[in-house]
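Undergrad: Only the shape, not the letters, is given here:
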């Protein structure tokens, strides 16, 4: 069965500092991996996705993530945090041979200090 | 990409009543998904709705409580039946993007009093 673990329910960084949000997955087949962002009172917006092409994936708003099969990880990073990055971030996994059904991690709330 | 409209965006309902949430997509899609996000929690898949067949429910969710309709390739409804305060959540509609990726509606914020 697939699962996703996000370490840290809350991450706090200073504006301009590196953002690192951790995600580890479990899947018996090659996975698709996603990062979504949810701003307050809004739906989910796709940040980036891994679909078996390049292991380093670049997304919107300066975010990127690296797929590491040996570590079963897909951590999200951004070199320099901006106040507007404050939101809830969800890592999700889907099996390549399934119907795009997503299994979500528990989420990480990113706080950005001025 | 797909544009998804959900109605209502929010509602406050009395316990014991039912609420039907509508999901409209601007293009034809094969699969539509309904998720629940309980307060402070992550998203949990309720069911997958394919046009022309019965919805497929995940463990812990049953049709009597969450009946789903999928009359065509651009529309679906989710009904939350006989509501209790524990049903207070955000309900989100999602569609497969065949990219692959999933697109989400803005959600319906339900409060049961």
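TA: That came through fine. The structure presented is a predicted model; accordingly, all values stated were derived computationally and were not measured.

Undergrad: In space, what's closest to residue 66 - neighbours in sequence excluded?
TA: I went with chain A, as the question did not name one. Nearest non-adjacent residue to residue A:66, counting by C-beta to C-beta, 6 or more residues apart in numbering or on different chains: residue A:56, 5.1 Å away. From N, CA and C alone the C-beta is placed, and that goes for glycine too.

Undergrad: if you could check chain B rather than the one you did, that'd help
TA: Using C-beta to C-beta, 6+ apart, the closest residue to residue B:66 is residue B:46 (5.6 Å).

Undergrad: That neighbour: neighbour count?
TA: Residues lying near residue B:46 (other C-beta atoms under 10 Å in any protein chain shown) number 24.

Undergrad: who's in contact with the helix or strand that contains it?
TA: Per DSSP states H and E, residue B:46 falls inside strand B:43-50. For strand B:43-50, contacts defined as C-beta atoms under 8 Å, 6 or more residues apart in numbering or on different chains pick out A:44, A:90, A:99, A:101-104, B:30-38, B:55-58, B:61, B:66, B:68-70, B:76, B:78, B:91-92.

Undergrad: Partner strands of that strand, with direction?
TA: strand B:31-37 (antiparallel), strand B:56-57 (antiparallel) (DSSP bridges).

Undergrad: where along the chain do the strands fall?
TA: By default, I'm working from chain A. Along chain A, counting by DSSP state E, strands occupy A:3-5, A:10-14, A:19-21, A:24-26, A:31-38, A:44-50, A:56-58, A:64-68, A:73-78, A:87-95, A:103-104, A:108-113.

Undergrad: My question was about chain B, not that one.
TA: Using DSSP E, the strands found in chain B span residues B:4-7, B:10-13, B:19-25, B:31-37, B:43-50, B:56-57, B:68-72, B:75-80, B:89-96, B:102-104, B:108-112.
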